[in-house]
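**Student:** let's see this in three dimensions:
(one chain, ligands or ions: 1)
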Amino acid sequence: MICDRTAPPVLELDDVSVSYGGRPAVQHASLDVAAGELMALVGPSGCGKSSLLAAVNRMADMIPGCRVSGDIRIDGVSVTGQGVSLPLLRRRVGMVFQQPNPFPLSIADNLHFPLREHGIGQREVREPMVERALRDVGLWGEVAGRLDQSALTLSGGQQQRLCVARAIVLAPEVLLLDEPCSALDPIATASVERLILDLKGRYTMLMVTHNLAQARRLADSVAVCWMENGCGCVVESGQTEHMFTTPGHPVTRAYCQGLAG
Ligand SMILES: Nc1ncnc2c1ncn2[C@@H]1O[C@H](COP(=O)(O)OP(=O)(O)OP(=O)(O)O)[C@@H](O)[C@H]1O
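**Tutor:** Residues are numbered from 1 along each chain as shown. From the prediction side, this is the model:
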């Protein structure tokens with residue numbers, strides 16, 4: 001599947017603001033991510049990129065003093081209200097963090113664990129799901145003979161690909177990636193970038209990156225966050241090549257050409 005911009009977006013952020021202890025961090029952010037699209041969220045440090053990701057999967061709910069307003073919809077249904085099941089939301093929205101963070105369990109159990117947590121109790125049902133996820137991230141050939149070994153014995157790039165496998169084993173509708181390569185060396189970065197390219201079209205992804213060249217290499221679309229009046233905002237979003245070659249906003253022009261930020 002190629003990303004389909006004619007269909008209604010899978011992920012919508014509609015006038016989203018996030019504050020901590022009453023202090024605004026990001027205000028009035030609106031974004032649409034189409035089915036199968038990879039959108040890169042770029043911008044200087046502190047302009048609220050991670051806060052927006054935390055609003056989508058409601059990790060923000062766990063941060064004392066953090067308040068999110070506006071609406072976030074997945075497949076047209078709001079995920080911001082009181083009645084939303086957070087376990088179900090976490091199943092629908094996978095997340096990969098900057099630092100590879102496999103559980104201190106075996107390679108296989110890193111994937112069995114979330115499946116068990118979400119009620120898939122029978123090992124014989126889980127096993128093919130685990131294998132499929134490991135194949136999807138290109139790890140199966142590397143780990144098939146050592147599934148019982150600790151995940152911590154894997155290299156950094158393998159650990160991050162395992163974390164992607166853990167995020168997709170539950171077949172989420174949306175995948176959030178928070179600087180997924182920034183803690184990796186160039187070789188591991190290349191392997192994770194190849195994986196992200198491979199997942200494009202199959203998952204709807206929102207990825208924070210500081211690496212503009214990476215955003216240009218990987219993303220279908222780019223949203224630029226910026227600080228205005230001491231608070232983060234999204235100044236412009238659009239298709240990647242347009243954002244790098246003919247952006248509409250002077251901030252985008254300066255940032256994407258490396259003149260600011
Ligand atoms: N748990 C928190 N408590 C208080 N303030 C926070 C918290 N998390 C983030 N902030 C503040 O919110 C603002 C936005 O931070 P956020 O981490 O979302 O920005 P970012 O663009 O992702 O930055 P970076 O690129 O450095 O990761 C910053 O001023 C930050 O200090």
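
**Student:** please name the residues that touch residue 119.
**Tutor:** With contacts defined as Cβ atoms under 8 Å, 6 or more residues apart in numbering, residue 119 has no neighbours. (Glycine included, C-beta is placed from N, CA and C.)

**Student:** now residue 126: how far from residue 101?
**Tutor:** As defined by Cβ to Cβ, to the nearest Å, residue 126 lies at a distance of 21 Å from residue 101.

**Student:** of those two, give the one with the bigger neighbour count.
**Tutor:** For the pair residue 126 and residue 101, the greater number of neighbours falls to residue 126 (19 against 14), based on other Cβ atoms under 10 Å.

**Student:** which helix or strand contains that one?
**Tutor:** Counting by DSSP states H and E, the element that carries residue 126 is helix 123-136.

**Student:** gap between that helix and the chain center?
**Tutor:** Mean-position distance between helix 123-136 and its chain equals 22 Å (Cα atoms, centre = their mean, to the nearest Å).

**Student:** avg pLDDT for the next helix or strand after it?
**Tutor:** On the C-terminal side of helix 123-136, the closest following helix or strand by DSSP H and E is helix 140-143. Per-residue pLDDT values over helix 140-143 give a mean of 96.

**Student:** and the next element down the chain from helix 140-143?
**Tutor:** On the C-terminal side of helix 140-143, the nearest following helix or strand under DSSP H and E is helix 156-168.

**Student:** how far off helix 123-136 does that next one point, in degrees?
**Tutor:** Between the axis of helix 156-168 and that of helix 123-136 there is an angle of 130 degrees, by axes from the mean of the first three to the mean of the last three Cα atoms, to 10 degrees.

**Student:** elements contacting helix 156-168?
**Tutor:** Other elements packing on helix 156-168 under the criterion 3 or more Cβ pairs under 8 Å, 6 or more residues apart in numbering; DSSP states H and E are strand 93-96, helix 107-117, helix 123-136, helix 186-199.

**Student:** just these: most buried one?
**Tutor:** Sort the helices and strands packed on helix 156-168 by mean neighbour count, taking mean count of other Cβ atoms under 10 Å, and strand 93-96 sits at the top with a mean of 23.

**Student:** which residues are in contact with that one?
**Tutor:** The contact list for strand 93-96 (Cβ under 8 Å, 6+ apart) reads 53, 56-57, 59, 74, 79, 160, 163-164, 166-168, 170, 172-178, 180.

**Student:** all set now, cheers.
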